[in-house]
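>>> Predicted structure and sequence below. I'll ask about it afterward.
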Amino acid sequence: MSNTLTGLIPTIYNSLDVVSRELTGFIPAVTSDMTYDRAAVGQTVMSPVAPASSATDITPNVTPPDDGDQTIGNVSMTISKARRVPVRWNGEERLGLDNNGAEYNTILSNQFQQAMRTLVNEVEADIAALHVQASNAYGTAATTPFASTLADTAQGRKILADNGAPLNDMQMVINTAAGANMRTLTQLSKANEADDTSLLRRGVLLDVHGFAIRESAQVKSFTAGTGASATTDNAGYAVGATEITLASAGTGTIITGDVISFAGDPNKYVVVTGDADVSGGGTVVIASPGLKQAIPASATEITVSASSARNMFFARSAIALATRAPALPEGGDAADDRMMVTDPNSGLTFEVSVYRQYRQIQYEVALAWGTAMIKKEHCGILLG
């Protein structure tokens, strides 16, 4: 196979320089395995998961302690998408550009940039969509976080700590509205108080309360269910319960992804299995670790949070991303050449192929991927 893409390497990597500045907060924040071989859509793969570490006391001895072994877990994932973005030119089009003084490689670089940007945004959006599998939530719906204090990160850390999440690699991904609020907080923007000029001079969000703060253009806006005046039945529910039976009261719906709270309980819970019709009773299932405060044996009012932006905070190990080059038939296909190109910022590795056709040439940028929420308890929603 002739090496026809070598001459385009500077053009392709110039495109990556632009893509790497996109707001891709989720991709670099999650556990990623980008070493898979080719996979077909729908194929299940396993992503390794390192367990939390533990410390021990130092006790002088002749030999060091016989410990340190860990069982590396894994989570099954499905390569759910194999996507491509084509770029095609024919001879007359290129000749016309060259005659007019246009730079073909400059335009081609922009096309590669847009192709990679499209795939990066799709992967980013798929990770953001996992908010419906988070455990708990904090904040006020339709109110942008970080309006005046850093309570949002402090409370997010509390939720993860209470749920037993590892606190050594916590991530928070917010939208640009929350990012703008954070940049106006004087305790972060004043160099003498923050002990850093990065936010003031360059707008770089600082780590706060153990969270690496990132921004994403793909943070989801969730439309809440219409449930109103709903109550639990009078059975009563203990701490840790996840399935709650509703009384035949109220109107509207409680849907998967809703954030709900119970009267007398300050905690907010994410519904992982919703009930279609509140007026008909039924059940809702909240994510693990379930109730943090018992519900008494009497009808207890349920409040459904309004529609909101779904910023997320989580331990890195809570979410996994697996990527591969799309599958090829035995013996390959009609591509004249192909190469793998890695975006140094997001870590995504794209497959770039070239197909020589009748008096025209088509380039293809492709990627296959899957996402999974590994540990719901270690992920929360920051409402906005």
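Structure's in. What do you need?
>>> ok, now which ones touch the spatially most central residue of the chain?
Closest residue to the average C-alpha location of the chain: I127 at 3.3 Å, with Cα atoms, centre = their mean. Taking Cβ atoms under 8 Å, 6 or more residues apart in numbering as the criterion, I127 is in contact with 26-27, 30, 218, 319, 321, 371. Where you see a C-beta, it was placed from the backbone N, CA and C, and this is true even at glycine.
>>> Take those residues and keep only those in strands.
Taking DSSP state E, the ones among the contacts of I127 that sit in strands are 319, 321, 371.
>>> Return the closest of the contacts of I127 with respect to G384.
Minimum separation from G384 among the contacts of I127 (Cβ to Cβ) is found for Q218, which lies at 13.9 Å.
>>> Report the buried residues of the longest helix seen in the chain.
Counting residues, the longest helix found in the chain (DSSP state H) is helix 104-128. Neighbour counts over helix 104-128 (16 or more other Cβ atoms under 10 Å) mark 107-109, 111-113, 115-117, 119-121, 123-128 as buried.
>>> Now that helix: average pLDDT?
Mean pLDDT, helix 104-128: 90.
>>> now stretch 259-266
Over the span of stretch 259-266, the pLDDT mean works out to 97.
>>> Ends of that stretch, what's the gap?
Length of stretch 259-266, first residue to last, Cα to Cα, to the nearest Å: 12 Å.
>>> quick one: that stretch to chain centroid distance?
When distances are taken as Cα atoms, centre = their mean, to the nearest Å, stretch 259-266 is centred 26 Å away from the chain's centroid.
>>> Check which residues of that stretch are buried.
Buried residues in stretch 259-266, counted by 16+ other Cβ under 10 Å: 259-262.
>>> Then stretch 158-178?
Neighbour-count burial for stretch 158-178, counted by 16+ other Cβ under 10 Å, picks out 159-160, 163, 165-166, 170-175, 177-178.
>>> can you put those residues in JSON lines and add secondary structure, distance to R83 and pLDDT?
As requested, the buried residues of stretch 158-178 are arranged in JSON lines below (DSSP: H, G, I helix; E, B strand; the rest coil; distance: Cβ to Cβ, whole Å; pLDDT from 0 to 100):
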{"residue": "I159", "secondary structure": "helix", "distance to R83": "34", "pLDDT": "98"}
{"residue": "L160", "secondary structure": "helix", "distance to R83": "32", "pLDDT": "98"}
{"residue": "N163", "secondary structure": "coil", "distance to R83": "34", "pLDDT": "96"}
{"residue": "A165", "secondary structure": "coil", "distance to R83": "32", "pLDDT": "95"}
{"residue": "P166", "secondary structure": "coil", "distance to R83": "32", "pLDDT": "93"}
{"residue": "M170", "secondary structure": "strand", "distance to R83": "30", "pLDDT": "95"}
{"residue": "Q171", "secondary structure": "strand", "distance to R83": "25", "pLDDT": "95"}
{"residue": "M172", "secondary structure": "strand", "distance to R83": "28", "pLDDT": "96"}
{"residue": "V173", "secondary structure": "strand", "distance to R83": "22", "pLDDT": "96"}
{"residue": "I174", "secondary structure": "strand", "distance to R83": "26", "pLDDT": "96"}
{"residue": "N175", "secondary structure": "coil", "distance to R83": "24", "pLDDT": "96"}
{"residue": "A177", "secondary structure": "helix", "distance to R83": "29", "pLDDT": "96"}
{"residue": "A178", "secondary structure": "helix", "distance to R83": "29", "pLDDT": "96"}
